[in-house]
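Quick one, what's the 3D model for this:
(chains A and B)
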Amino acid sequence: MEPYSQTKNDSYVKDHSSQPELPKKSLAFLNWFCPDYLLEGILGDLTESYSHDYDELGKQKADLRFTKNVLRFFHPTIILKNDKRMRMLNIGLLKSHAKISFRHVLKNRIHSFINILGLSISIAFVLLVFLFIQNEMSFDQFHSEKNNIYRVYHQKINAQTGDIKDQSAVTAIPLSKDLKSELPSIQSFTRLGSAAVTVSNNNIPFEEKLSFGDADFFKMFSFPIIDGDDNSLLSNPNSIVISKEKAQKYFGNKNPIGETLEINAGATTLEAIVSGVIDPKKDMSSIQVDMMMPFENFEFVSSKDMMTSYKYGLVENYIQTSNPIVREEFEQLITDAIQKFSPAKDYKANLAIQPLTTLHRQDQILGNALYVSPKKLAIMLGIGLLVLIIATINFVTLSTGQAIGRIKEMGLRKSFGAINGQLRSQLALESFVIVIISLGFGLGLSHLFHGSFTSLTSSSFIYNIGWSELGFLTITGLVIAILTGITQAVLTVKHKMVDAFQGKVIFGESRDWFNKSLIVFQFTLSIILIIAAVHINAQMAYIKNKDLGYDTEKLIEISMGNPSSLEDGKLMVARFRTESKKIQEVLSISSTMNNSREPWTELGIKQMDESVENIYYNQVDPHYIETMKIELVQGEAFKTSVVNNSNSILINEALARHFSWGDDALSRTIPGAGLDGDHQIIGVVKDYHFGSLHQNIEPLMIALDASSISNGITGLSTYVWPPNLYHILVRLDAGDVQPVLEELKEIWSRINPNKDFVYHFVDQSLEAKYAEEERWSKVINMASIFAIGLAWLGLFALLRLTIKKKKKEIGIRRVLGSTTFEITSLLSKKYIWLVLIGVIISFPISWWIVKSWLETFAYRIEINPILFAVSSAAILIFTLVTISIQSFNASKENPIEALACD
Amino acid sequence: MGKSYLSEFEELILTVVGILGEEAYGNSIVEEIWTQLSRKVNLNSVHITLYRLEDKELVKSHYGGATSARGGRRKRLFTITNSGLKLIKRQQEQRQKLWSLIPKLKMILT
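Residues are numbered from 1 along each chain as shown, chains lettered A, B, ... in the order given. Sure thing, here's the model as predicted:
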């Protein structure tokens, strides 16, 4: 019921010339939101008061008042009067649209299925990527003081070039303590160190990672404290704070507070009393705490000397400032402040700080905190988007293709008076229906694949769909629907209805061009993915099979924990050797300071000219070379039958090369300001890979005793220290290992009743080292299979449409005598071209991607043109087969039926 | 409509529409309230209230009286309907009744 005139009459919107002119923008705004039937009355009243104000107050004030009044009229009561009318107009039409949309989804089952399949899988994938990235972004955000906490790191800068030579967040022990005593702007500090220790409760030993932190640790970091007194968690030297998981492990459901754990750290056995239980928030914290004791106990796993020395980088140093700071100024401040404690001769480095909140997402400056490479986040995001793009392209090409068949329907609707806007909204609604169905399926699929996704990316995020995830899904869905809706609507609707009735409308040149470029784009992406995947796999195989310079098979490392002294370590090895030599399958036994899993000890040796030479160091027993099966190039190995000189050392070829010694390495000594030439190089071993294959083989010395070189050591940049024997190496004979392991374990527990038997197979540890690469190669493999599958689905469906469209043409050609082969090649030609263009575009891009990835490896395969050719040929053949099968089927059909249709 | 109640502002507007008879439209209502009660009200709230009252069928409206000051636009004139009249009458009576129930109050002059 509408008693007023509904047509907007321009005469009362325009102003009379005699009247002062109303402010245009406000007027337009009012026009826009005000329902027509109210406009005249409102605008009249407004104009009346406007002309009144104009006479009384002048133009400016009157304008202002008018605008104010208009804004006041922007009120729900008035705006809603608008809406109601609009809704009433549209509901009937919407109903019909919805009905027709569903009919279409059902009618074109195959296409709808392909669309929904592709979209829902990619939506699931993108959602998981979103959850993954969200989890990584949430790292370390739960600390309430997060904006005031920094990790101190040091960087060595080449004085001449200004290049950063070396930077590390593993720093000297007294650093943050001394800084705090110097600078009042530092409110609190904590060191964070850790060590592998043996923990026992009721005489059952377990190997655990024990962290050490200062008294303020739990005040700086907001780990939720489940049990215990917040203020005195680390106040007693023998108190220990444990995670809730460890509390469960050692004490079950018993209240752990006040209970005792026995801790074997080096030569010391500590009786630790549980003072608190925390939630370690391991899925969102870079700092991973299982168990923590006050920092003074770190002395037992390092040495008294190190606790005050600036020579060794051993722990992470965190500080909390009381006020916001300017980073550059503060870095200068601490660099200056530390000079007092650490004369430049020991520690010539600049200090710098990293905000706690940025630790997790960078891989430049590393300490012990967990991190994720931002490159990998980018790759994840890229793959997610890629998959979504391919699925959307499928959706667009298929729906526009399908719309061909509906030109008549459009024409009919138009001739019944439908305006373009209505037709567009119908098409948009149809893509909406598909998208909504896909969103539902996608959500379900993401739940289903959450487990495999987390294990593939070795992430532990929780599947939790909240508002932000739903919001993300909605936006994704909207974007897809709108993109598709717009493309279709633009391409379909703009036709004259007469053409439509005559069936003349095959889409114009522009649409063809558009579709073709989309297909080329898809092929390009697919080929890039295949080439990348093939190269990644080849490189991984290369790494796995690369000869490392020693025999990794049937080699076991047994962790000895922390022997209290070198003598103690040697004794333990000797006893173990005597016992296990009796086992037939044990070929040889040795021991080593560094193992295959962790970075090796790197020494800094200062030269006469103040420069520093970095040399890796490993301490072993005389059986090492024999057990590892390392080849000797010059001189001789350590003697196993007679006593060696304690000053004998072995070097690797890289070291000889580094100092350009040529063939007379045996007559040289390692140069260094503090080295008095006491040591004797008795042999050179062939280079073997003790580090990662990402790095070149660096100079290394192997010694039985560090005493002959210890005076020359002026710095240390990795963890394993002091020199001792930490791992037993056991070389086994071919045959069943399990019974041998049982025997070794039995011997171990007889010799060390209070130590856990922890062993690793070297080949497996090495594999674990490249697990990260393995995982990413799996992710890329999956994604490429996926993308190719989707692209193929799209192509398949598009071909079906094309052939349907050309049914008559094929029929006529058949009648006129074309062979099946001719028809097939006619249909194929166009697509082969598209594939070829895709190949050409993809080559330089994939070459660049593969090259930059391979460059992260010091040992790598060459980029292989044959792999390029094979990958493209595979895609080409794949396409060809798809086309041939379809066109073959089409040409086999009885031409009479094809011609009779319509 | 027996159960509907009016807010103070709605009642005010409804009453003023009644007072103004054939001349009630947005601006005249604002002015009337100003002259009678020295109370400043906004044009938009008057309009919004009028539409609300119209929805409740307490007033009805028609177009009339274009002036040059209005840029040639017609006024939307409101008149009170019978049910509107009944309603303010009833509210008035109810208030009177309640007033009479208050024990004899003396205003204390200080």
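
Going by C-alpha atoms from here, please, whenever you check contacts or count neighbours.
OK.

and A:I556, what does it touch?
By Cα atoms under 8 Å, 6 or more residues apart in numbering or on different chains, A:I556 lies in contact with A:728-732, A:759-762.

typo on my end, A:L43
Counted by Cα under 8 Å, 6+ apart, A:L43 has contacts B:R73.

For chain B, state which of the contacts of A:I556 is nearest.
Relative to chain B, the closest of the contacts of A:I556 is A:H760; by Cα to the nearest Cα it sits at 80.6 Å.

Within range of chain A, give me the residues from chain B.
Proximity of chain B to chain A (Cα under 8 Å from any Cα of the partner chain) is limited to residues B:26-27, B:43-44, B:47-48, B:68-76.

How is chain A partitioned into domains?
A:10-74, A:146-358, A:374-543+A:771-900, A:561-754 (automatic domain parsing).

Any stretches of the stretch 101-250 of chain A with poor pLDDT?
For the stretch 101-250 of chain A, the stretches with pLDDT under 70 are A:157-166.

got it, and chain B?
For chain B, the stretches with pLDDT under 70 are B:1-4, B:104-110.

Please, where are all the helices along it?
Along chain B, the segments classed as helices by DSSP state H run B:8-20, B:26-37, B:43-55, B:82-101.

if we can go back for a sec, between the contacts of A:I556, which is nearest A:F690?
Closest approach to A:F690 among these (Cα to Cα): A:V762, at 11.4 Å.

That closest one touches A:T552, doesn't it?
Yes - A:V762 is within contact range of A:T552, at 5.8 Å (criterion: Cα atoms under 8 Å).

helix/strand/coil for A:L666?
Put simply, A:L666 is helix when judged by DSSP: H, G, I helix; E, B strand; the rest coil.

quick one, longest strand in chain A?
Across chain A, the longest stretch assigned as strand under DSSP state E is strand A:186-201.

Pull the helix or strand that it is followed by out as PDB, backbone CA atoms only.
Stepping forward along the backbone from strand A:186-201, the first helix or strand reached (DSSP states H and E) is strand A:204-213. In PDB, the C-alpha atoms belonging to strand A:204-213 read as follows (Å, rounded to 0.1, in the frame of the first residue of the first chain):
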ATOM      1  CA  ILE A 204      64.200 -45.400  36.600                       C
ATOM      2  CA  PRO A 205      66.500 -43.200  34.500                       C
ATOM      3  CA  PHE A 206      65.300 -41.100  31.600                       C
ATOM      4  CA  GLU A 207      67.200 -38.800  29.300                       C
ATOM      5  CA  GLU A 208      65.700 -35.400  29.400                       C
ATOM      6  CA  LYS A 209      66.400 -31.900  28.200                       C
ATOM      7  CA  LEU A 210      67.000 -29.700  31.200                       C
ATOM      8  CA  SER A 211      66.900 -25.900  30.800                       C
ATOM      9  CA  PHE A 212      68.500 -23.400  33.000                       C
ATOM     10  CA  GLY A 213      67.100 -19.900  33.600                       C
END
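
Tell me the helices and strands packed up against strand A:204-213.
On a contact count with 3 or more Cα pairs under 8 Å, 6 or more residues apart in numbering or on different chains; DSSP states H and E, strand A:204-213 meets strand A:186-201, strand A:291-294.

Quick one: mean pLDDT over the shortest one.
This means strand A:291-294. The average pLDDT within strand A:291-294 is 94.

What is the helix or strand following that strand packed up against?
Sequence-wise, the next helix or strand downstream of strand A:291-294 (DSSP H and E) is strand A:316-321. With contacts taken as 3+ Cα pairs under 8 Å, 6+ apart, strand A:316-321 sits against strand A:149-157, helix A:175-182, strand A:186-201.

got the angle for strand A:316-321 vs strand A:204-213?
40 degrees (axes from the mean of the first three to the mean of the last three Cα atoms, to 10 degrees).

List the buried residues of the helix or strand just after strand A:316-321.
Using DSSP H and E, the helix or strand that directly follows strand A:316-321 along the chain is helix A:327-339. Residues of helix A:327-339 classed as buried: A:331, A:334-335, A:337-338 (neighbour count, 16 or more other Cα atoms under 10 Å in any protein chain shown).

got it, and stretch A:663-681?
A:665-666, A:670-675, A:679-681.

so who does residue 20 touch?
Let's take chain A. Counting by Cα under 8 Å, 6+ apart, A:P20 touches A:51, A:54.

I was thinking of chain B, sorry if that wasn't clear
B:I29.

sorry, back to before: and the helices and strands packed on strand A:204-213 as CSV, adding mean neighbour count and distance to A:D279?
Formatted as CSV, these follow (neighbours: other Cα atoms under 10 Å in any protein chain shown; distance: least, Cα to Cα, whole Å):
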stretch, mean neighbour count, distance to A:D279
strand A:186-201, 22, 18
strand A:291-294, 25, 11
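
To chain B, which of these lies closest?
Among the helices and strands packed on strand A:204-213, strand A:186-201 sits nearest to chain B (Cα to the nearest Cα), with 57.2 Å.

what's downstream of the helix or strand of chain A with the lowest mean pLDDT, the next helix or strand?
Here the helix or strand of chain A ranked lowest by mean pLDDT, DSSP states H and E is helix A:10-13, holding a mean of 42. Counting by DSSP H and E, the element after helix A:10-13 in chain order, helix or strand, is helix A:24-33.

Give me the buried stretch members for whatever helix or strand comes next after that next one, please.
Sequence order places helix A:36-57 as the next helix or strand after helix A:24-33, per DSSP H and E. If you call a residue buried by 16+ other Cα under 10 Å, then helix A:36-57 has these buried ones: A:36-51, A:53-54.

Stretch A:676-685 - what's its average pLDDT?
Stretch A:676-685 comes out with an average pLDDT of 86.

Pull that stretch out as CSV, backbone CA atoms only.
Extracted in CSV, the C-alpha atoms of stretch A:676-685 (Å, rounded to 0.1, in the frame of the first residue of the first chain):
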residue,chain,number,x,y,z
ASP,A,676,103.3,-22.9,20.3
GLY,A,677,103.5,-25.6,17.8
ASP,A,678,103.3,-28.3,20.4
HIS,A,679,101.1,-30.5,18.4
GLN,A,680,102.1,-32.8,15.6
ILE,A,681,100.1,-33.5,12.5
ILE,A,682,100.5,-37.2,12.0
GLY,A,683,98.1,-37.7,9.1
VAL,A,684,95.6,-36.2,6.7
VAL,A,685,92.1,-37.8,6.3
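
Residues contacting that stretch, please?
Residues from elsewhere that reach stretch A:676-685 (Cα under 8 Å, 6+ apart): A:630-637, A:647-653, A:665-671, A:708-709, A:712.

Show me those residues that map onto helices.
When DSSP H is applied, those are split such that A:E653 fall in helices.

Make a PyMOL selection of the buried ones in the contacts of stretch A:676-685.
PyMOL command restricting those to the buried ones, with burial defined by 16+ other Cα under 10 Å:
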select buried, chain A and resi 630+631+632+634+637+647+648+649+650+651+652+653+665+666+670+671+708+709+712
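
From chain B, how far off is A:T856?
69 Å (Cα to the nearest Cα, to the nearest Å).
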